[in-house]
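Colleague: coordinates for the following, if possible.
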Amino acid sequence: MTPHRDLAHTACLQGESDAATAVAEPPPGGGEMEFGRTAIHDPTLSADVADQFEPRREGARDGWGDLDWPVVLWIGGVHVAALAAPFYFTWSGLAICLALYWVTGGLGVCLGYHRLLTHGSFVTTPAVRFVFALLGGISGEGSALVWVANHRKHHAFSDQEGDPHSPRDGGWWAHMLWLFPRHTAAEVAAHTRRWAPDLERDAGVRFLHNTFLVWHFIIGGALLASGWLLYDRFTGISWLVWGLAVRMVIVFHVTWLVNSATHMWGYRNYETTDDSRNLWWVGLLAFGEGWHNNHHAYQRMAKHGHKWWEVDVTYWAILALEKLGLAWNVVHTPHGGGRGRTAAGR
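Modeller: Prediction:
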């Protein structure tokens, strides 16, 4: 769940009237795939071409000789920049970091990229979709075009051959190493056409896709300038480091924990064909995304926390949008989003 080859990525979903009926390849172990009215792959595209996007796992592990250097430098550079945080600490910088952690990670990635654009858990206006797509983009995790394609494929082949990031290929592979093998532009294009054709057709998606890096310069410049003008140079640098680099590192790893930790540790409410688990601390850090077994059992369901103690902040945000009239057709109940049985004794 992070940037891929082109770092010019972000997206918004096509209007409900333009979305195609769901078409999906079921996972090899059985189960039902459903993403509402969002087409998740293009049946006219050759599977042989699209599946060239398969991770080159052995090459990456054996020699790391074919890396996607833009992605490596992007992720590595953000981590290096975050090392300056202790030297530029301010309480206001920390506050901005935490606020943007929720805005970009919670609203942008969890609500926008995942529940809205990937799974169609609710419907909203084109303008609101665009805003959530923009927020997801400034998380630093790349375009929804690739993000959504990766995640839909993950659900189609979860913990089976073809899953982009299964811990069965190694915990660190699932957490972040799967991002680093190189893919050609043609492979990425075939991948997104197959798994996210609805986003490919959206003009807003293409715009945000092509301006991905620009938004980070805008956000970074605004943080630096605001702190400097309102206070002093030190504060400006603090706001830049904490509001951009530290916040992005936090969002990166919290998102990646959903791919790795919640497929290795935790408990299961439902029997599914994959290794998905509910993990309480990821549930809290990832605004409800850590109740991952619940989600894999009922993929379209807007609410991921199914027990009273399974706190789901993202669902609360969706409820607020619904109350304001900005979200409708919210999938509140477990229908149309997968099939699961209660896991007795787990």
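Colleague: low-confidence ranges in the stretch 151-300 of the chain?
Modeller: When residues are selected by pLDDT under 70, none of them lie in the stretch 151-300 of the chain.
Colleague: helices of that one, start to end?
Modeller: With DSSP state H, counting those that start in this stretch as the definition, the stretch 151-300 of the chain shows helices at residue ranges 171-175, 185-195, 197-200, 203-210, 212-230, 233-240, 247-259, 280-285, 292-297.
Colleague: who are the packing partners of the third one?
Modeller: Applying 3 or more CB pairs under 8 Å, 6 or more residues apart in numbering; DSSP states H and E, we find helix 197-200 packed against helix 144-156, helix 185-195. No exception for glycine: its C-beta is placed from N, CA and C like everyone else's.
Colleague: the last one too?
Modeller: In terms of contact count using 3+ CB pairs under 8 Å, 6+ apart, helix 292-297 is assigned the packing partners strand 270-271.
Colleague: what strands flank the strand it packs on, and is each parallel or antiparallel?
Modeller: The pairing partners recorded for strand 270-271 under DSSP bridges are strand 341-342 (antiparallel).
Colleague: next, give phi and psi for the closest residue to residue 282 other than its chain neighbours.
Modeller: Computed as CB to CB, 6 or more residues apart in numbering, the closest residue to residue 282 that is not its neighbour in sequence is residue 290, at 3.0 Å. When quoted as degrees, to the nearest 10, the phi and psi of residue 290 stand at phi -80, psi -10.
Colleague: from residue 313, how far off is residue 290?
Modeller: 11 Å (CB to CB, to the nearest Å).
Colleague: who's more crowded, those two?
Modeller: Using other CB atoms under 10 Å, the more surrounded residue of residue 290 and residue 313 is residue 290, with 29 against 18.
Colleague: these two touch, right, that one and residue 267?
Modeller: No - under the contact definition of CB atoms under 8 Å, residue 290 does not touch residue 267, with a separation of 11.4 Å.
Colleague: identify the contacts common to the two.
Modeller: Between them, residue 290 and residue 267 share the neighbouring residues residue 278, with contact defined by CB atoms under 8 Å, 6 or more residues apart in numbering.
Colleague: still on that earlier bit, buried deepest among the helices of the stretch 151-300 of the chain, which one?
Modeller: Using mean count of other CB atoms under 10 Å, the stretch among the helices of the stretch 151-300 of the chain with the greatest mean number of neighbours is helix 292-297 (a mean of 28).
Colleague: can you list contacts of that one?
Modeller: Taking CB under 8 Å, 6+ apart as the rule, helix 292-297 contacts 155, 158, 258, 262-263, 266-270, 272, 274, 276-279, 282, 289, 301, 304-306, 310, 334, 338-340.
Colleague: what's the PyMOL line that selects buried ones from those?
Modeller: Per 16 or more other CB atoms under 10 Å, the buried members of the contacts of helix 292-297 correspond to this PyMOL selection:
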select buried, resi 155+158+258+262+263+266+268+269+270+272+274+276+277+278+279+282+289+301+304+305+306+310+334+338+339+340
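Colleague: what helices or strands is the host helix or strand of residue 128 leaning on?
Modeller: Secondary structure assigned from DSSP states H and E places residue 128 in helix 126-137. Here helix 126-137 is seen to pack against helix 144-156, helix 203-210, helix 212-230 when contacts are counted using 3+ CB pairs under 8 Å, 6+ apart.
Colleague: return the set of residues that bridge with residue 270.
Modeller: residue 342.
Colleague: how much space separates residue 182 from residue 81?
Modeller: Summarising the geometry, the distance separating residue 182 from residue 81, computed by CB to CB, is 23 Å.
Colleague: and residue 259, by the same measure?
Modeller: Here residue 259 is placed at a distance of 23 Å from residue 81 (CB to CB).
Colleague: for residue 145, same thing?
Modeller: When CB to CB is applied, the distance between residue 145 and residue 81 equals 26 Å.
Colleague: between these two, tell me which one has more neighbours.
Modeller: Between residue 145 and residue 81, counted using other CB under 10 Å, residue 145 has the larger neighbour count: 31 against 17.
Colleague: what about residue 95, how many residues nearby?
Modeller: A total of 13 residues lie near residue 95 under the criterion other CB under 10 Å.
Colleague: residue 301 and residue 315, how far apart?
Modeller: As it turns out, when the distance is counted by CB to CB, residue 301 lies 9 Å from residue 315.
Colleague: ditto for residue 272
Modeller: Residue 272 is 20 Å from residue 315, where distance means CB to CB.
Colleague: can you check residue 174 too?
Modeller: Applying CB to CB to residue 174 and residue 315 gives a distance of 25 Å.
Colleague: what's the answer for residue 271, then?
Modeller: As it turns out, when the distance is counted by CB to CB, residue 271 lies 23 Å from residue 315.
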